[in-house]
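S.K.: Got a predicted structure plus its sequence, pasted below:
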Amino acid sequence: MNLNLMNLKRCVIAVCILAVSGGAGWFLLARGPLAPAKVTVAKAQLKNLEPSVFGIGTVEAKDSYAIGPTQAGRVLTVLADEGDKVRAGQILGEMDPGDLPQQLQSATAEVAEAQDDLALSEAQVKSASSQYELAQAEADRDEKLLAAGAIAQQAADTQQTAASTAKANLDAALASQAAAQEKVAQAEADRSAVVSQLANLKLISPVNGIVVSLNADPGTTVVAGQAVFDVVDPKTLWVHTRIDQSQFDGIAVGEPASIVLRSKPDQPIGGKVARLEIQGDDVTEERFVDVSFDTIPSTFSLGDLAEVTIELPSVADALAVPSAAVERVNGQDGVWMVQNGQVQFRPVTLGVRTLNGETQIVSGLAPGDVVVVYSSKQLRAGMKVKEEGHL
């Protein structure tokens, strides 16, 4: 009887061992690390795609002007404030002239004095010219009389000396006149410089625009070139937009866009691509696109954040997969394609993308090919998978 009991125990233990082994094997193959990866898949399909590109940017003005003095000085008056609309040629403020009015008075007096000197030298030239003409005429007459034997050589020589002296006096008068003319020109240039400095004291708007910042109050001392006012031309507003480098290809100047200001999220504004910048950001891997407004907002703030959607040309009969299916492995874009319960990485050439999560496959797949969109495990070539969802 004891033998039978022992045999029974052995049988029970053997059955338990088999059950545990079988369960462990089933778990390893069905649920554990040896189990196929659970994947959600989708088929590559031909579709008409409406691609677009999304980016975030800030409101800026293409044409902005920093208005300030051309030399250091003190702000005398301020005639405009932030937010004011101004006209081209409007005086926004004025700098303290200091001693410039006195300099102008002195320069004007110097011009008058130089002009008087010039008038005197011109009269001297006129007198010297007349004397020379008379002396030269008498010398010519005496030369003829000498040739006829009517006068002595000494008399002819005396008259020729008088003509030479008159010529020297005329040359000296002409030189004095030239110096006087130069003096007048220099005095007028000095006076014009003072007048120009006085004119530069007026801070004038170069365009019809809006004052976006007032940087100095009356009494403030500023240096040459420092902006007292910043003025922008609102007609040149645009959104300086950052676009991921991978989505930049295909964007062209003139393509339509939709702009949504963060300050007005329920008021989309039409726009278009105005400029593609060559210089990108190699840190964030982004390119810059400037998108202009079709209609300038009635109110705006420079630096406002804006969401920009650029509409690209539609693509008919494009082979597309969910964008989530596209991965980059070893520097190559591709998808994990399912065949006979296993996955293989298939390199592909990508085309346009849509904002609703579809990507065009230019080459590398055929319609109906099954690709992995989501996997519960990190995939590798030849791994077994189990399809548990279809998109």
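M.R.: Yep, it's here.
S.K.: So what's the model's average confidence on the helix or strand hosting residue 125?
M.R.: Assigned by DSSP states H and E, residue 125 falls within helix 100-148. For helix 100-148, mean pLDDT rounds to 90.
S.K.: and the angle for whichever helix or strand comes after it with helix 100-148?
M.R.: Helices and strands here follow DSSP H and E; after helix 100-148, the next one along the chain is helix 153-200. If you take axes from the mean of the first three to the mean of the last three C-alpha atoms, to 10 degrees, helix 153-200 sits at 160 degrees to helix 100-148.
S.K.: list the contacts for residue 156?
M.R.: Taking C-beta atoms under 8 Å, 6 or more residues apart in numbering as the criterion, residue 156 is in contact with 139, 142, 143, 145, 146. All C-beta atoms are positioned from the backbone trio N, CA, C, and that covers glycine.
S.K.: ok, of the residues you listed, which come out buried?
M.R.: The neighbour-count test (16 or more other C-beta atoms under 10 Å) marks 139, 142, 146 as buried among those.
S.K.: of the residues you listed, closest to residue 103?
M.R.: Distances from the buried ones among the contacts of residue 156 to residue 103 were compared by C-beta to C-beta; the smallest belongs to residue 139, at 52.2 Å.
S.K.: who's in contact with the closest residue to that closest one other than its chain neighbours?
M.R.: Leaving aside its sequence neighbours, residue 139 sits nearest to residue 163 (C-beta to C-beta, 6 or more residues apart in numbering; 3.9 Å). Contacts for residue 163 were tallied using C-beta under 8 Å, 6+ apart; they are 132, 135, 136, 138, 139.
S.K.: burial count for the second one?
M.R.: Right, the one you point to is residue 135. Here the count is done by other C-beta atoms under 10 Å, and residue 135 has 21 residues near it.
S.K.: could you point out which element follows the worst-scoring helix or strand of the chain on mean pLDDT?
M.R.: Taking mean pLDDT, DSSP states H and E as the measure, helix 2-30 is the helix or strand of the chain with the lowest mean score, a mean of 52. Per DSSP H and E, the first helix or strand lying C-terminal to helix 2-30 is strand 37-43.
S.K.: Not counting that following strand itself, show me its contacts.
M.R.: Outside strand 37-43, the residues that touch it by C-beta under 8 Å, 6+ apart are 321-322, 325, 338, 343, 367-377, 379, 383-391.
S.K.: low-scoring stretches of the chain, by residue?
M.R.: Low-confidence segments of the chain (pLDDT under 70): 1-34.
S.K.: so what's the residue nearest in space to the middle of it up against?
M.R.: The chain has residue 62 as the residue nearest its centroid, 6.9 Å off, counting by C-alpha atoms, centre = their mean. For residue 62, the contacting residues are 233, 236, 237, 238, 274, 290, taking C-beta under 8 Å, 6+ apart as the criterion.
S.K.: Next, find the distance separating residue 112 from residue 62.
M.R.: Residue 112 sits at a distance of 49 Å from residue 62 (criterion: C-beta to C-beta, to the nearest Å).
S.K.: check which helix or strand covers residue 274.
M.R.: Applying DSSP H and E as the criterion places residue 274 in strand 269-276.
S.K.: need the contacts of residue 62 in TSV with secondary structure, can you?
M.R.: Shown next, in TSV, are these (DSSP: H, G, I helix; E, B strand; the rest coil):
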residue	secondary structure
233	coil
236	helix
237	strand
238	strand
274	strand
290	strand
